[in-house]
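[1] Please find the sequence and the predicted model below.
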Amino acid sequence: MTITNFQKSFLTPLAFIIGIMAAEFVIIPTFYLYLFLTIFLTIILLIKNRPFYLIISLALILGIWRFDLTRPTFTTDQIKNASFSALVIKSETVTDKQRLTLKQNLWPGLIRVDTNLYPVYHYGDEVQVRGNLTATADPRYNKDNIYWLGWQPRISLIKTGQGNPIYSGIYFIKDKIKLVIQDTISEPGGSLLIGILLGDRQDLSPAMKNNFTLSGVSHILAVSGYNISLISITLLSLSHWLAFPRRRAFYLIITLIAFFVILTGASASVVRAGLMGTISLLAKHLGRKSSIYHILLYTAAAMAIQNPLVLLHDIGFQLSFLSTFGLLYLSTKIESHLTWISEKFDLRSNLSTTFSAMITTTPLILIYFGRLSIVAPLTNLLVLPLIPLIMLFGLFQVIGGLLFLPLGKLLAIIPFCLIKIMTTLISFCAHLPGASVDLNYDNNK
């Protein structure tokens, strides 16, 4: 069988990705990896017949080797009475505690510690830490370069403003936007708008989070390629309905994605989500799916080179990849069977987009969360068209509030009404009989 150059360019990064995933389950000593690499390089240089299969084998071994580099090597599994200075690079509130991610120079990797809610620490704070640290080889932590965990250490502030000036500026703007939203719109509108605009849902009530889960729209509050893809394509459809030039709309939405990525902190996971969302938008704009498949695969391979652990341990990456694949592969197929649905307001296109992403991501959601939302298609169909409008008018509200707080309060009327409609629809769908099915059998015993 003859393999075309087009197929070769697809299979090579695929072999690399398979090598990384295989290395998760098969441990090969580094010595043998280097030995195999040397042998294959020699064969490729000496033999000209069927070199492609050798290249595939080399890509596979390189994937295994790249994953092997991520395996943690600890001289000790616990450090007692550690005392060190560190830089706070992330601060978040988790239920009744404050969770800090710390960067230091004494040991490889980052440190995550849970401490009291107060005093509150921020990005760029230099702190003195005293306490016990435990090494972790858990890939769920390692994927974020976290290799040490600490509980309730003694922390004292040394000085502020020691972080990267660019990131400090981003976090300052983000905090300012959160403050303006909280000052211009009442709850639960404020926390929901913060979740939609900034991907920060720590202030949402448990009841609200539960409604979003039961109705199958939790992705609205998550910064993932799934969320960005659906919102971007909805915006593209909306611009088409408003007779806005398609080319200009495409570049405007790309700019908005970049702005959104920066605004939410430009972390590695958010950048990956932005890239996946951009690929989906590119596919919708160009319509040349064969080349887009290549872009999707090479993007995944590039992300795996940077961090191999995202392939099997980062749900955000997995949702982003699967939803993007679904949009590419299933969207037009589903749309061809929805001829009975009106094309007005791009309803048919939006529905096929929603269904295609849901079909490819539902199995993963079941694996991670053990819950199937039966009403998710209906809820997404009703709610997703509102999200771009909430984001747009919410942005106007923020800009107005930054200029003059009473103006922000006046402009908040529209997003408040839209959010009220959205939460009413979500609550209605969440409380329908049989809205969701709990498949977590362990919990049911």
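    Looks like it arrived, so ask away. Numbering: from 1, shown residues only.
[2] Pop the domain breakdown of the protein in here.
    5-68, 78-163, 175-430 (automatic domain parsing).
[3] TSV please, covering those and showing mean pLDDT and mean neighbour count.
    Just so you know, the C-beta spots here come from the backbone N, C-alpha and C atoms, and that holds for glycine as well. Formatted as TSV, the entries for the domains of the chain read as follows, by pLDDT from 0 to 100; neighbours: other Cβ atoms under 10 Å:
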stretch	mean pLDDT	mean neighbour count
domain 5-68	76	15
domain 78-163	90	16
domain 175-430	81	19
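[4] Tabulate those (TSV), appending distance to Ser436.
    TSV is the format used below for those (distance: least, Cβ to Cβ, whole Å):
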stretch	distance to Ser436
domain 5-68	31
domain 78-163	23
domain 175-430	5
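[5] Can you tell me which of those domains is nearest to Leu439?
    For the domains of the chain, proximity to Leu439 was assessed by Cβ to Cβ; domain 175-430 is nearest, at 4.9 Å.
[6] Pro72 is in contact with Asn142, correct?
    Yes - taking contacts as Cβ atoms under 8 Å, Asn142 lies within contact range of Pro72: 6.5 Å.
[7] okay, and the common contacts of these two?
    Taking Cβ atoms under 8 Å, 6 or more residues apart in numbering as the contact criterion, the common neighbours of Asn142 and Pro72 are Gly109.
[8] Now for the chain: which helix has the highest residue count?
    The residue-count maximum for a helix in the chain (DSSP state H) belongs to helix 347-369.
[9] Can you list the helices and strands that it packs against?
    Under the contact criterion of 3 or more Cβ pairs under 8 Å, 6 or more residues apart in numbering; DSSP states H and E, the helices and strands touching helix 347-369 comprise helix 225-241, helix 315-329, helix 331-335, strand 371-373, helix 376-383.
[10] change it to 6 Å
    Judged by 3 or more Cβ pairs under 6 Å, 6 or more residues apart in numbering; DSSP states H and E, the packing partners of helix 347-369 are helix 225-241, helix 315-329, helix 331-335.
[11] what's the spacing between it and its chain's center?
    Offset of helix 347-369 from its chain centre (Cα atoms, centre = their mean, to the nearest Å): 16 Å.
[12] do the same with stretch 98-111
    Centroid displacement of stretch 98-111 relative to its chain, using Cα atoms, centre = their mean, is 22 Å.
[13] and the end-to-end length of it?
    Taking Cα to Cα, to the nearest Å, the first and last residues of stretch 98-111 lie 14 Å apart.
[14] got the contact list for that stretch?
    Surrounding stretch 98-111, the residues in contact under the criterion Cβ atoms under 6 Å, 6 or more residues apart in numbering are 84, 86-92, 112-115, 117, 121, 145-148.
[15] State the distance from Leu221 to Leu364.
    Taking Cβ to Cβ, to the nearest Å as the measure, Leu221 and Leu364 are separated by 17 Å.
[16] before we move on, what about Tyr53?
    Note on Tyr53: its distance to Leu364, by Cβ to Cβ, is 32 Å.
[17] Repeat that for Phe404.
    Using Cβ to Cβ, we find Phe404 at a distance of 45 Å from Leu364.
[18] what's the answer for Leu192, then?
    On the measure of Cβ to Cβ, Leu192 and Leu364 end up 25 Å apart.
[19] All set, thanks.
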